[in-house]
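# Below are the sequence and a predicted model for it; my questions follow.
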Amino acid sequence: MTSFNSSSIPIAMTIAGSDSGGGAGIQADLRTFSFHCVHGTSVLTCITAQNTLGVTRVDAMSPEAVTAQFETVMVDMRVGAIKTGMLLNQEIVKTVAKKFVAFGLGNVVVDPVMVSRTGAQLLDDAAVKTMKDLLIPLAAIATPNRYEAQILAEMEIHTLADMQTAAQQIYKLGARSVLIKGGAMSGALKAVDVWFDGDRFEVLQTEAIDTQHTHGTGCTLSAAIAANLALGKPHFQAVQEAKNYVTEALKYGLAIGRGQGPVGHFYPLL
Ligand SMILES: Nc1ncnc2c1ncn2[C@@H]1O[C@H](COP(=O)(O)OP(=O)(O)OP(=O)(O)O)[C@@H](O)[C@H]1O
Ligand SMILES: Cc1ncc(CO)c(N)n1
C-alpha cells in the first residue's frame, strides 16, 4: 500500500465552540480548512445546541480540557496558524492567552466572537475585558464584526470613517492588524471590510450577496485567513483571499432549516 507523502501539508488549529447545526463554529472552521487543503485540528471550548434559528443551550468545556486539547496537539504537530472563535467565558479566554504566550505563537487570528446573528450571547460580560487586555494584544489579525468593534473600540459605528477610527482604536489595544467586518452595516457598506495595520488602511469591497443564508460568515472568514497564513501567505493577501472565498461561499448559501442557513463551503463541488 502506498501512503501519500503528507509531510508538507500545512496544519491549522481552531479554538472555538461546536455548532450542532453545523453552520458556524468548529464545523465551519474545519470545512474551511479542508477547502484550502490545510489539515484542521480543533480545541473545543464549548458545545452549543444550535440550529439555523438560534442557540438553545451552551455547555462549557473546563479550562483543563481546553489546555489538554491544545497541548496534546501542539507537542505533536507543527501548527502553522491558529484562529480563535467562541471562547465563552473569562477562564477560557485567560487559559488560551496563557498558552499562546507559553508557546510563543505569532500566527494567531482572533475572531472576538461575542454575539450571534440571532442575538445569543456567546461571550460572558466579564470576559470582554479579559479579551481586550489579554487576547487582542496577541493577535496578528483581529477580526471583529460591527457590534464587537463597537464594544472593543467603545464607540458607535455607522460610516466607513467610523470603521476606520474603530480599527485604529482596536489596533491601539495591541493587535498587529485589525479587520473590521461590514456584514452588519447597512446599505452600501454591507460587503465592505476595513483593514488597518498601523501604517495603512485598506478597504476590501466585494459584491453584496442578497441572501439570508449568512450563518457562519465570520467564522468562515477567520478560518480562511488562518488557513492562508498556514499556507505561508502574507497577512494582507491572506485576508483578501479569505474575503473572496466567503463571497463565493455566500453565493451558494444552503437553504437548510427554517432560519439563516450556512454558506456553501464546498461550492465548487455543488
Ligand atoms: N451579504 C453579504 N454579501 C457579501 N459579503 C458579506 C455579506 N454579509 C457578510 N459579508 C462578508 O462576510 C464576512 C463576515 O462578516 P460579518 O460581518 O457577517 O461577520 P460576523 O458577524 O462575525 O458573522 P457571523 O454571522 O458568523 O457571526 C465579511 O467579509 C463581510 O464583508
Ligand atoms: C459555536 C458558534 N461560534 C460562533 C458563532 C458566531 O456566528 C456561532 N453562532 N456559534
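On my side now, so go ahead. Ligands and ions are numbered 1, 2, ... in the order given.
# distance of A191 from ligand 1?
4 Å (Cβ to the nearest ligand atom, to the nearest Å). For the C-beta atoms, the positions are set from N, CA and C on the backbone; glycine is no exception.
# Could you find the closest non-adjacent residue to that residue?
A208 (4.0 Å; Cβ to Cβ, 6 or more residues apart in numbering).
# ok, the closest residue to L53 other than its chain neighbours - contacts?
Excluding its sequence neighbours, the residue lying closest to L53 (Cβ to Cβ, 6+ apart) is G259, at 3.9 Å. Going by Cβ atoms under 8 Å, 6 or more residues apart in numbering, G259 touches 51-54, 118, 212, 215.
# In helices, which of those appear?
Among the contacts of G259, none falls in helices (DSSP state H).
# For ligand 2, see how far away L189 is.
For L189 relative to ligand 2 (Cβ to the nearest ligand atom), the value is 20 Å.
# So for that residue, what's the nearest residue that isn't a sequence neighbour?
G182 (5.0 Å).
# Give me the neighbour count for Q237.
Neighbours of Q237 under the rule other Cβ atoms under 10 Å: 12.
# what about T14, how many residues close to it?
Counted by other Cβ under 10 Å, the residues lying close to T14 total 30.
# that's a helix at it, yeah?
No: T14 is assigned strand when assessed by DSSP: H, G, I helix; E, B strand; the rest coil, not a helix.
# For it, which non-adjacent residue is spatially closest?
Nearest non-adjacent residue to T14 (Cβ to Cβ, 6+ apart): D29, at 3.8 Å.
# Need the three-state assignment for the one you found.
Going by three-state DSSP: D29 is helix.
# hang on, the earlier thing: I figured the residue nearest to L189 hits A188, correct?
No: assessed by Cβ atoms under 8 Å, G182 is found out of contact with A188, at 9.6 Å.
# Who has more neighbours out of those two?
Remark: of G182 and A188, G182 carries more neighbours, 24 against 11, as counted by other Cβ under 10 Å.
# need the helices for the protein, in chain order.
25-35, 63-74, 90-102, 125-130, 146-153, 160-172, 217-230, 235-251.
# which residues sit in contact with G183?
145-146, 190-191, 214, 217-218.
# Between those residues, which sits nearest ligand 2?
Nearest to ligand 2 among the contacts of G183: G218, at 5.5 Å, using Cβ to the nearest ligand atom.
# What is the biggest strand by length in the chain packed up against?
Identified as the longest strand of the chain according to DSSP state E is strand 39-50. Counting contacts by 3 or more Cβ pairs under 8 Å, 6 or more residues apart in numbering; DSSP states H and E, strand 39-50 packs against strand 11-19, helix 25-35, strand 55-60, helix 63-74, helix 90-102.
# Against T159, how distant is the residue nearest the centre of the chain?
The chain has S222 as the residue nearest its centroid, 3.4 Å off, counting by Cα atoms, centre = their mean. According to Cβ to Cβ, to the nearest Å, S222 stands 24 Å off from T159.
# State the number of residues packed around V75.
V75 has 8 nearby residues by other Cβ under 10 Å.
# any idea of the pLDDT on it?
For V75, the pLDDT comes out at 97.
# Looks like K190 contacts G182 (just checking).
Yes: using Cβ under 8 Å, K190 is in contact with G182, at 6.1 Å.
# residues contacting the closest residue to ligand 2 within the stretch 101-250 of the chain?
Residue nearest to ligand 2 within the stretch 101-250 of the chain: S116 (3.7 Å; Cβ to the nearest ligand atom). Each residue near S116 by Cβ under 8 Å, 6+ apart is listed here: 24, 50, 54-55, 122.
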